[in-house]
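J.: Provide a 3D model corresponding to the input given below.
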Amino acid sequence: MSRLETIRDYRRTIYSIAEFMIRNKHAVSEFGNALVWSDLEHIPTWLLWDEGERYKVIMTAGTIFLLPSIRIWIDAKKIQEVRSLIGDELFDLILKTTKIDNYQIKYITLNNIQDSLSAAGSAVIISSSSMRVRPWISRAVPKPKGKLDSELAKEIMKHTIFIINQNRFKS
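T.: Next up is the predicted model:
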């Protein structure tokens, strides 16, 4: 790919993000009039994906964050519930490839797995976001429970997008 094509792709992405921000009522906050063009490069492109794909990002990030607890569960029904929420292939890929040292998680048992994965995924997403665009990101995801270290959150988000793309483009 030539440098000119890369620049064109980058601009297309930025314009798509701007269009998304203008159209999406959940992404615009009370800070809406303070958004400037330079902020758009800090908004993740996965926000442009359809609702089902964005949900998958949230649930995958939550699964990766909570994986130390999930790995020690004995209850097969709870493990199967996680598998059904994110998909068997995606869950298997997470188990095989995740080597993140998550020092912030306490080993927990979950009562409402879907809500817990969603809240954990949202915490990862918001904590990994630039402070400048965090108000817009937080409007586009479910309410998180707590926050976590920015570096850990960024590492989990990189791995989340890697896994989703691996699953999406597998042969």
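J.: quick one: low-confidence parts of the protein?
T.: Per-residue confidence of the chain (counting by pLDDT under 70) places the weak regions at 1-7, 10, 14, 20-37, 104-110, 171.
J.: Ile100 and Met157 touch, don't they?
T.: No - with contact defined as C-beta atoms under 8 Å, Ile100 does not reach Met157; the gap is 10.7 Å. Where C-beta positions appear, they are placed from N, C-alpha and C, glycine not excepted.
J.: More neighbours: those two, which one.
T.: For the pair Ile100 and Met157, the greater number of neighbours falls to Met157 (22 against 15), based on other C-beta atoms under 10 Å.
J.: can you list contacts of whichever strand or helix holds Asn165?
T.: Element membership for Asn165 (DSSP states H and E) is helix 150-168. Contacts with helix 150-168, where a contact means C-beta atoms under 8 Å, 6 or more residues apart in numbering, come from 44, 46, 53, 56-57, 60-61, 64-65, 87, 89-90, 93-94, 97-98, 100, 102-104, 123-128.
J.: Just the buried ones out of those, please.
T.: For the contacts of helix 150-168, burial is judged from neighbour counts taken by 16 or more other C-beta atoms under 10 Å, and it is met by 44, 46, 56-57, 60-61, 64-65, 90, 93-94, 98, 102, 123-128.
J.: Return the subset of those lying in helices.
T.: Where the buried ones among the contacts of helix 150-168 overlap with helices, as defined by DSSP state H, the overlap consists of 56-57, 60-61, 64-65, 90, 93-94, 123-128.
J.: out of these, which one sits closest to Leu148?
T.: For those, the closest approach to Leu148 (C-beta to C-beta) belongs to Ser127, at 4.9 Å.
J.: out of everything not next to it in sequence, what's closest to the closest one?
T.: Ala153 (3.6 Å; C-beta to C-beta, 6 or more residues apart in numbering).
J.: and what of Val57?
T.: Nearest-residue entry for Val57: Trp46, 5.2 Å, with adjacent residues in sequence omitted and distances by C-beta to C-beta, 6+ apart.
J.: how about that neighbour, what does it touch?
T.: For Trp46, the contact set (C-beta under 8 Å, 6+ apart) comprises Glu53, Arg54, Val57, Ile161.
J.: ok, how many other residues are close to Asp75?
T.: In terms of burial, Asp75 registers 10 neighbours under the definition other C-beta under 10 Å.
J.: And for Gly62?
T.: Here the number of neighbours of Gly62 (other C-beta under 10 Å) works out to 30.
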